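A.B. asks: test case, fold it:
(chains A, B and C)
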Amino acid sequence: MLPKNRRLTNEEIETVIRKGVTNHTPFLYIKSLLNNSENTSFTVVISSKVNKKAVVRNKIKRQIRAFLIRKKGQFKNGYNIVFITKPGVTNIKLEDLQSAILYLLSKNKII
RNA sequence: UAAAUAAUCCAGAUGAUCGCCACCCUUCGCAUGCUUUGCAUGCUACGGGUGGAGGAAAGUCCGAACACCAUUGGUCCAGCUUAGCUGGAUGGGUAAUUGGUAACGCCAACUGGCUCUAGAGUGAUCCAGAGUCAAGACAAGUGCAACAGAAAAUACUCCUUCCGCCCUAGGCGGAUAAGGGUGAAAUUGUCAGAUAAUUAGCUGACACGUUAGCUUGGUGACAAGCUAAACGAGGUAAACUCUACUCGGUGAAAGGUUAAAUAGGUCAAGCUUAGCUUGACGGGUAAACCGCUUGAGCUCAUGAGCAAUCAUGGGUCUAGAUAGAUGAUCAUCACUUCUCGCGUAAGCGAGGAUGACAGAAUUCGGCUUAUAAGAUUGUUUAGACU
RNA sequence: UGCCGGAUCGUCUAAUGGUAGGACUCUGGUUUUUGGUACCAGCUAUCUAGGUUCGAGUCCUAGUCCGGCAG
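C.D. replies: Next up, the predicted model:
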């Protein structure tokens, strides 16, 4: 789990989704926004349309967060980032998900 | 013994490392206050300690607690002798009985119906066990019943049967409901009489059943028995309806405390005096905090009760997040299963899988649905032995 | 979190508890030199599982999926 200062609150998520810059892959997309602070914060959004079971949704959240914690030394500071999943994310392999995350972050020049 | 199925129990254990949440403690730092060099409170950081999902947390199908709103009692309308009555219109829910409960559509016991199995009996039937039942009323009224059938309900006559006439292929009229046939369903049965005639509740007797009354037993549903110059009444209420009982609305995004901002308001001061500025009060939005976890709690013992459950006493505190914590990896043991190798076999060794359903969101009581492996019990089937 | 509504041929849409109908589509045939049009015939459905009933698309219960509303 991410520490509290690296998470986003409800308001921040809404502003990021409304004003952020979007980048897509077939099963995942991100919205990012500069926040003028020392930290880069993340959150993961999974709709109940992706899967009806909360256990499956929590597992995907944990997989993404664990990968972000492992890579946290490489990030630039000062971004708010929201990961939003699409239906189909449950069927792919873990390596594909991780490479998609790296692709999206590098495309935004955060890494 | 094996398999299937149903119910109940259980929902791997120990240790290490890396992370997350809550609370507590030590130290350092910062801020505020004070009796001023220390103490108190708060916050941040490092470190340490303790605790951290379920039997269904799920579905949201019922019920309750709690909070606010409305309010003379389900709702609406009207009236008046106006704080309680009357009248009218109009809904939702439940349904044998008794008990339990905060309450329930839940639970327990019991009664009755139906189904299955075993036993007794020539048989009707009786009895035991298991399962199951939205199990008030169709004998208040209304409605409905396709096709088939003569007829689907204040009855009726297709074939057959009986009588009379024409006259003998058959037709006409009358009688009957025993038999046939149709259908999911067809007007209780036996005997005798009456009749032109027969196997007609048309009449009588008996049996069966229903209803009513009485007696006995039971808290009661009900059971057993008796009586009737009462009756023979088809089905359907998960059809309308009737009867009895019962029911305010909104949901923790309820609501409460503090409170930036904005509009409009009151007061005071100052300045130019149509007014403006500042401050205070009040106002109440964002936000924060509370609500929030000590509760119809868990557990043990004793007692009451057939049981559900209740009473008394002892012990105990056991998640509280806010886009949402409770996770990941490794090792060992336990457990089941799969693969490979060795072995006649028992077994041994190596490797893999932890096995299912599934994640708190105000809290409880139920119901429903989903559940791998293992354990216990019941039922069914198959096999072996006696 | 709370609360509503719906599910019928491939698509759209009917059906009072009593043979699931129609339109478009599709398939085959006739007409035409061919295609279209027209005509004829055919294929194809009650979301799932139980119950009530003689008999459920319809009534009741449970589940699955879809859609909507509040804030």
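A.B. asks: so which residues on chain A come close to RNA strand B?
C.D. replies: With Cβ under 7 Å from any atom of the strand as the criterion, chain A meets RNA strand B at residues A:1-5, A:7-11, A:13, A:43-45, A:53-55, A:58, A:61-62, A:66, A:69. (Glycine included, C-beta is placed from N, CA and C.)
A.B. asks: so which of those residues belong to strands?
C.D. replies: Among those, the ones falling in strands (DSSP state E) are A:43-45.
A.B. asks: give me the buried subset of those.
C.D. replies: Buried subset of those (neighbour count, 16 or more other Cβ atoms under 10 Å): A:43-44.
A.B. asks: which of the residues of chain A next to RNA strand B fall in helices?
C.D. replies: Counting by DSSP state H, the part of the residues of chain A next to RNA strand B found in helices is A:10-11, A:13, A:54-55, A:58, A:61-62, A:66, A:69.
A.B. asks: which of the residues you listed are buried?
C.D. replies: A:13, A:61.
A.B. asks: widest-spaced pair of the ones in helices among the residues of chain A next to RNA strand B?
C.D. replies: With Cβ to Cβ as the measure, no two of those lie farther apart than A:11 and A:55, at 28.4 Å.
A.B. asks: give me the nearest residue to residue A:32, chain neighbours excluded.
C.D. replies: Leaving aside its chain neighbours, residue A:32 sits nearest to residue A:81 (4.8 Å; criterion: Cβ to Cβ, 6 or more residues apart in numbering).
A.B. asks: what lies in contact with stretch A:74-82?
C.D. replies: If you take Cβ atoms under 8 Å, 6 or more residues apart in numbering as the criterion, stretch A:74-82 is touched by A:8, A:12-13, A:15-17, A:20, A:30-45, A:105, A:108-111.
A.B. asks: same check, this time on stretch A:25-34
C.D. replies: Here stretch A:25-34 makes contact (Cβ under 8 Å, 6+ apart) with A:15-17, A:19-23, A:78-89, A:92, A:97, A:100-101, A:103-105, A:108, A:110.
A.B. asks: likewise for stretch A:46-62?
C.D. replies: Contact with stretch A:46-62 is made by A:1, A:44, A:85-87, A:89-90, as judged by Cβ under 8 Å, 6+ apart.
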